[in-house]
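Trainee: requesting a structural model of the entry that follows:
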Amino acid sequence: MPAVSKGDGMRGLAVFISDIRNCKSKEAEIKRINKELANIRSKFKGDKALDGYSKKKYVCKLLFIFLLGHDIDFGHMEAVNLLSSNKYTEKQIGYLFISVLVNSNSELIRLINNAIKNDLASRNPTFMCLALHCIANVGSREMAEAFASEIPRILVAGDTMDSVKQSAALCLLRLYKTSPDLVPMGEWTSRVVHLLNDQHMGVVTAAVSLIACLCKKNPDDFKTCVSLAVSRLSRIVSSASTDLQDYTYYFVPAPWLSVKLLRLLQCYPPPEDAAVKGRLVECLETILNKAQEPPKSKKVQHSNAKNAILFEAISLIIHYDSEPNLLVRACNQLGQFLQHRETNLRYLALESMCTLASSEFSHEAVKTHIETVINALKTERDVSVRQRAADLLYAMCDRTNAKQIVSEMLSYLETADYSIREEIVLKVAILAEKYAVDYSWYVDTILNLIRIAGDYVSEEVWYRVIQIVINRDDVQGYAAKTVFEALQAPACHENMVKVGGYILGEFGNLIAGDPRSSPLVQFNLLHSKFHLCSVSTRALLLSTYIKFINLFPETKGTIQEVLRSDSQIRNADVELQQRAVEYLKLSSIASTDVLATVLEEMPPFPERESSILAKLKKKKGPGAGSELDDGKKDPNSEINGGMEPSASTASTPSPSADLLGLRAAPTSASGAPTSAGNLLVDVFSDSPSATTGLVPGAEENFLSDLEPPPERAETLSPSAGSALPVLGPLFVCKNNGVLFENQLLQIGVKSEFRQNLGRMYLFYGNKTSVQFQSFTPTVSYPGDLSQLNVQTKAVEPLVEGGAQVQQVLNIECLSDFTEAPLINIKFRYGGTLQNLTLKLPITVNKFFQATEMQSQDFFQRWKQLSLPQQEAQKIFKANHPMDSEVTKAKLLGFGSALLDKVDPNPDNYVGAGIIQTKALQVGCLLRLEPNAQAQMYRLTLRTSKESVSKHLCELLSQQF
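Mentor: Predicted structure coming up:
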């Protein structure tokens, strides 16, 4: 070993390490260590005082022995003494020993804190950095109590060195993560934001990490960081690689800082300042442009750095969801990665496109890559990439491509990995129902699903197909015929037997006229499967047999023989034995009329939420809300099946395309819908369901099915003085999306309104791995209770980590209103009480009913509403690009009908509608006059009520 001088290193340490490495056995190593420990102990206890070098050497040996896995029970005081040394190497070893070996409960902690305070006050940048590093490495609550108020002062002091600022920012970040309640928010918070303008890039990088963490809990305190972050990002993106030489990584300027800035911007909504927003859009466009440029290096580090910035920029574009051009460009860029040779890039591209598919602006662009995604599903070797491809197909599916996607997913299911089969089965079932125009196709798809992957078809799926068949007259005969043919296969899955037994028991009479499917043939076919089935399926088949006696009296003798046999009437299973005895007695003593009454056809099922989608969400875990409850609205999916059936022609409710049970309509006592679009929701879900032989209640109110018990209704008001966020304009013309999100909780909303009634689903997603306890959302209305009635269903008080729960709100508009309802959410996270109050996106325009009018009728009504108090007018500057298609979409989303060829000026927009309330109907006419040259709008609203005119004018003007 080369000689090491005393000034350059520690020769004794080097020799000791060499001896340890040369040991031939574990016993030899322990012997050498024990010898060294005895020597060090004697030196520390000796009468001769040790100099700083010797202390440092022996403390370093102890540290090395500890890192080898041996316990150290002395030497701590010598390490603390090294902290008072004025030599950097000695102080460094002392801090290193303390960071590794001293715990927060040590009796030496007070001495250590005093030494750290002395170094922080020394103004020696090297010593200050050592002290800050030690605080961050230990990161205990005691450290936070001692230094949490001191470190922010060092961070924002004008005379602090750049290296110290870096260390102070990261040290404060560490303390905030471990003990957020001990880090005081004060006047330093506004000054720390300005560190984003610091000339030293290292300081900026550390400051961004700190601000990104702080702003998640206190967004208002740091909202000024948006403009500074955009400015700094703009300078980095527009710079050449030679401008930031010290921070350029493989020809990419400051990639880590760029990624951090883009993530920081995702904590806030799009900038309201037009100049800042324009500059940010330029930055994002530049990043997308640079991604298209030829690489400046063939090294993988260069492409990794470029792609890291690109994917983070795309995440920001998706987060804003307000720039159609950027969203489409991002989609095209991701499309190029779908066939990249790098597996990770393909995975990330598929994952990002899943989110893009939920945007109304980029959904069509995503659909253009359908063939590539299908190919990925079939050919990818990595199962995680195949799973993402399946997720993307599910997300991009709409009425135009549903049959193709369902067909491809069914084809893939035959060879799919076992780990993802159940999830694909659920997705196929949901898509088949959601976009089924021809319900015979839906029945074929589900039966095919059971045939291909019967073991993975959960109860929710076959419950659902039964419910839909029962609720639709037009598909019952086809379903009976199809399931009869499917049961003829030699090997038939038990789920197919369940579906066949249920459907033939209800509608076997519809195919009994064919000799090939006569009543006795149907019975023999089902009974041939009986001995192969489980107890639950046998019980269902026994119920089918007694139904057959009612449907086909000629089978009574044959079926009674089966019921009378010892294998049934003396069955070891109590359930089967009881059914056989009761059914035998019922068929023997009951008259034909009594039998027909007891065994009458099942009534249409009432509205309940589909448990298929709930099961898929539970399986997907956190973050599924945005992927599964996408915000896009298929213009063709208002009523699943095309034209709306009228109450006079439809005898059963029509299933809706919406699986969340949002487009429900009133049900009458006969089960016929009083308006089109009734939903089918799961009869077998956990909520109360219809019972055999009963029809839904006669109350003509579609909220009645979801009305909570009186004792569970939430009517509490939020605490006085609580700060309420302003309800942004995002949801005025949109019913679905993310209402709130921070590092703990995501709240998604999905709603539907019909006349003066509405239903809203709130999805609470726990983004952490820790359980939320005492989870209590409380809805209240701050305005006049005679204006709006909001009823809620209670949610479970425990929300597991990574889980999502939902809450149903039923809304009734009693009269016009201006205040939005409030929701207060309280829960305990890690023992800390969290309290959040939000405004719900319920505005009076949600109860708009679009009204078509001829030009003559419009102007006649316009003149009738000529009183000054009936008109509200506003002239304002355009805050967004004046795009005619976007304007039309917003006006339609607002709720009014767009009237063509009414206004003499073809550039103007004219609309009409009626605000539906329980008390009265308010007719509304609007006229929007854009001036592209001046970038201005004039909006005029005339209604029959003054307060409605003003409020609607204010709401709509915010959209442009």
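
Trainee: which pLDDT does the model give E142?
Mentor: At E142 the predicted local distance difference test score is 83.

Trainee: pretty sure it sits against R110.
Mentor: No. Under the criterion of CB atoms under 8 Å, E142 makes no contact with R110, lying 9.2 Å away. C-betas here are computed from N, CA, C, even on glycine.

Trainee: so these two - more neighbours on which side?
Mentor: E142 (16 against 11; other CB atoms under 10 Å).

Trainee: what segments of the stretch 201-350 of the chain are strands?
Mentor: Secondary structure of the stretch 201-350 of the chain, counting by DSSP state E, counting those that start in this stretch: strands at 248-249, 252-253.

Trainee: give the helix, strand or coil label for I875.
Mentor: For I875, the secondary structure call by DSSP: H, G, I helix; E, B strand; the rest coil comes out as strand.

Trainee: residues near it, how many?
Mentor: 12.

Trainee: surely L348 and F337 touch.
Mentor: Yes. Shown here, L348 and F337 form a contact pair, counting by CB under 8 Å, at 7.2 Å.

Trainee: which helix or strand in this structure has the lowest average pLDDT?
Mentor: Among the helical and strand segments of the chain, the one scoring lowest on mean pLDDT, DSSP states H and E is helix 624-628, with a mean of 46.

Trainee: okay, now the unreliable bits of the stretch 501-650 of the chain?
Mentor: Across the stretch 501-650 of the chain, the stretches falling below the confidence threshold (pLDDT under 70) are 607-650.

Trainee: picking up where we left off before, among the strands of the stretch 201-350 of the chain, which is the most enclosed?
Mentor: Of the strands of the stretch 201-350 of the chain, the one with the most neighbours on average (mean count of other CB atoms under 10 Å) is strand 252-253, at a mean of 24.

Trainee: which residues touch it?
Mentor: Applying CB atoms under 8 Å, 6 or more residues apart in numbering, the set of residues contacting strand 252-253 from outside is 236-237, 239-241, 243-244, 247, 302, 305-306, 309.

Trainee: V208 is nearest to which of the strands of the stretch 201-350 of the chain?
Mentor: Comparing the strands of the stretch 201-350 of the chain against V208 with CB to CB, the closest turns out to be strand 252-253 (15.1 Å).

Trainee: what average pLDDT does the closest one get?
Mentor: Within the predicted structure, the mean pLDDT of strand 252-253 is 88.

Trainee: before we move on, what about stretch 488-498?
Mentor: The pLDDT scores in stretch 488-498 average 88.

Trainee: tell me which residues of it come out buried.
Mentor: 492-498 (16 or more other CB atoms under 10 Å).

Trainee: likewise stretch 11-30?
Mentor: The neighbour-count criterion (16+ other CB under 10 Å) identifies 12-13, 16, 20, 29 as the buried residues of stretch 11-30.

Trainee: which one among the residues you listed gets closest to L798?
Mentor: Proximity of these to L798 was ranked by CB to CB; the top entry is E29 with 50.6 Å.

Trainee: ignoring the adjacent residues along the chain, who's closest to the closest one?
Mentor: C23 (4.2 Å; CB to CB, 6 or more residues apart in numbering).

Trainee: can you tell me how far the one you found is from S944?
Mentor: Computed with CB to CB, to the nearest Å, the distance linking C23 and S944 is 96 Å.

Trainee: domain ranges for this protein?
Mentor: 408-472, 473-603, 729-842, 845-958 (the TED database).

Trainee: now do the helix or strand E29 falls within: which elements does it pack against?
Mentor: Mapping E29 onto the secondary structure by DSSP states H and E places it in helix 26-45. For helix 26-45, the packing partners by 3 or more CB pairs under 8 Å, 6 or more residues apart in numbering; DSSP states H and E come out as helix 11-22, helix 52-67.

Trainee: how about those helices in CSV, adding mean pLDDT and distance to N742?
Mentor: Below are the helices and strands packed on helix 26-45 laid out as CSV (pLDDT from 0 to 100; distance: least, CB to CB, whole Å):
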stretch, mean pLDDT, distance to N742
helix 11-22, 89, 49
helix 52-67, 89, 39
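
Trainee: do you know which of those lies nearest L510?
Mentor: Closest approach to L510 among the helices and strands packed on helix 26-45 is made by helix 52-67 (79.1 Å; CB to CB).

Trainee: the closest one vs helix 11-22, what angle?
Mentor: Taking axes from the mean of the first three to the mean of the last three CA atoms, to 10 degrees, one finds that helix 52-67 is oriented at 20 degrees with respect to helix 11-22.

Trainee: what separates helix 52-67 from the chain centre, distance-wise?
Mentor: 52 Å (CA atoms, centre = their mean, to the nearest Å).

Trainee: was I right about E946 contacting P868?
Mentor: No. Contact status for E946 versus P868: not in contact, 9.1 Å apart, counting by CB under 8 Å.

Trainee: so those two - more neighbours on which side?
Mentor: Residue environment comparison for E946 versus P868 gives the larger neighbour count to E946, 14 against 6, counting by other CB under 10 Å.

Trainee: identify the residues contacting the more buried one.
Mentor: Listed by CB under 8 Å, 6+ apart, the contact partners of E946 are 869-870.

Trainee: buried ones in the helix holding E29?
Mentor: Buried, per 16+ other CB under 10 Å, within helix 26-45: 29, 33, 36-37, 40, 44.

Trainee: show me where pLDDT drops low in the stretch 351-500 of the chain?
Mentor: Scanning the stretch 351-500 of the chain with the threshold set as pLDDT under 70 gives no residue ranges.

Trainee: ranges for the strands of the stretch 751-900 of the chain?
Mentor: 757-766, 772-780, 788-792, 804-813, 822-829, 832-839, 848-850, 871-877, 897-898.

Trainee: send the alpha carbons of stretch 20-31 over as CSV?
Mentor: Coordinates of the C-alpha atoms in stretch 20-31 are reproduced here as CSV (Å, rounded to 0.1, in the frame of the first residue of the first chain):
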residue,chain,number,x,y,z
ILE,A,20,-10.0,-6.3,7.6
ARG,A,21,-10.0,-6.9,3.9
ASN,A,22,-7.2,-9.4,4.2
CYS,A,23,-9.0,-11.5,6.8
LYS,A,24,-9.6,-15.1,5.6
SER,A,25,-12.6,-15.8,7.8
LYS,A,26,-15.4,-14.1,9.8
GLU,A,27,-13.7,-15.2,13.0
ALA,A,28,-10.5,-13.5,12.0
GLU,A,29,-12.4,-10.3,11.1
ILE,A,30,-14.1,-10.2,14.5
LYS,A,31,-10.8,-10.9,16.3
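
Trainee: which residues touch it?
Mentor: In this structure, residues lying in contact with stretch 20-31 by CB under 8 Å, 6+ apart are 32-33, 68.

Trainee: export those residues as a markdown table, with columns for pLDDT.
Mentor: Written out in a markdown table, the entries for the contacts of stretch 20-31 read as follows (pLDDT from 0 to 100):
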| residue | pLDDT |
| --- | --- |
| R32 | 92 |
| I33 | 91 |
| L68 | 89 |
